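A.B. asks: what's the 3D shape of this:
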Amino acid sequence: MNASEDKLLEARLSDMTDRCERYGAPVFSAFLDERQCALAEQRLGYLPAGHGFSLYGGYEGAMRKMLAVYPDYCPAEEGDFPMKCLTLTFRPEDKVTHRDVLGSFMAQQLKREVIGDILTDEGIAQCFVTDVAAKLLLQSVTKIGRVGVKLTDERELCLGNTQEFKPISGTVASLRLDCVVSLAVGISREKAAALIRSDKVGVNHFPAASVSQELREGDILSVRGCGRFILYGIDGLTKKNRIHIDIRKFI
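C.D. replies: Reported below is the predicted structural model:
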């Protein structure tokens, strides 16, 4: 997301807050991606007194989520979010991917923001969409690509996030960003620092602050051209006072 997109989101957040104050009821966004969620959390830390917010994507661990801004006396519950879980079933021998489902849905002239997470498995796919999008899709989708599917909104979520990771482990002199990027990407600390100074590294969906930025367990790193990583574990010191860490690369 670039600076203009950030400003557009900030304007939407301001509008949601104004409408919440005006109507005294929860106000909901469309689905936000991970960076938008992080920006929303950052900006909404300064909500007027008496207001709160929450993010929900249909299940624990969702990557794309809706935002709710609400008065303290009328909090938004999970069931209030205007989304539905759609289930697509098809022959187990047919292969349907995340990209297939997303492409077929967007071919219905839908915007990306009305579609949340998409989970796939053998013979089944489940996804979250806005209530309005669900009505259209239930009436119009009978195929994903060339694969015939049955689509319903009457089935509860039974799939989980199947994100796969490549484990990376080793030791670092400190939890500075340049040290961790060096291990994650498999390059020298000097080259890692150069990537950071070139604005090619992000931490938790925002540009890295500096090469000396201290990381914590659970932080997510993005390195342009190299992928995304999570600092999964910090496992104590070695005899030489180096820190043993576990990193997972998203694949």
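A.B. asks: got the domain boundaries for this protein?
C.D. replies: For the chain, automatic domain parsing gives the domain ranges 3-80, 83-152, 165-250.
A.B. asks: any idea how far P82 is from S198?
C.D. replies: Distance, P82 to S198, by C-beta to C-beta, to the nearest Å: 41 Å. Where C-beta positions appear, they are placed from N, C-alpha and C, glycine not excepted.
A.B. asks: quick one: which of the two has more around it?
C.D. replies: Per other C-beta atoms under 10 Å, whichever of P82 and S198 has more neighbours is P82, with 15 against 9.
A.B. asks: My read is that the more buried one contacts F28, right?
C.D. replies: Yes: in this structure P82 lies within contact range of F28 using C-beta atoms under 8 Å: 5.6 Å.
A.B. asks: Spit out the residues that contact the two alike.
C.D. replies: M66 (C-beta atoms under 8 Å, 6 or more residues apart in numbering).
A.B. asks: could the domains of the chain be laid out in JSON lines, adding distance to L159?
C.D. replies: Below are those laid out as JSON lines (distance: least, C-beta to C-beta, whole Å):
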{"stretch": "domain 3-80", "distance to L159": "9"}
{"stretch": "domain 83-152", "distance to L159": "4"}
{"stretch": "domain 165-250", "distance to L159": "18"}
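A.B. asks: Could I get those in TSV, plus columns for mean pLDDT and distance to C158?
C.D. replies: Output for the domains of the chain, formatted as TSV (pLDDT from 0 to 100; distance: least, C-beta to C-beta, whole Å):
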stretch	mean pLDDT	distance to C158
domain 3-80	93	10
domain 83-152	96	7
domain 165-250	95	22
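A.B. asks: contact partners of the lengthiest helix in the chain?
C.D. replies: Counting by DSSP state H, the longest helix found in the chain is helix 3-23. Contact with helix 3-23 is made by 1, 26-27, 29, 32, 36, 39-40, 43-44, 47-48, 51, 67, 69-71, as judged by C-beta under 8 Å, 6+ apart.
A.B. asks: Buried residues in it, which are they?
C.D. replies: 9, 12-13, 16-17, 20 (16 or more other C-beta atoms under 10 Å).
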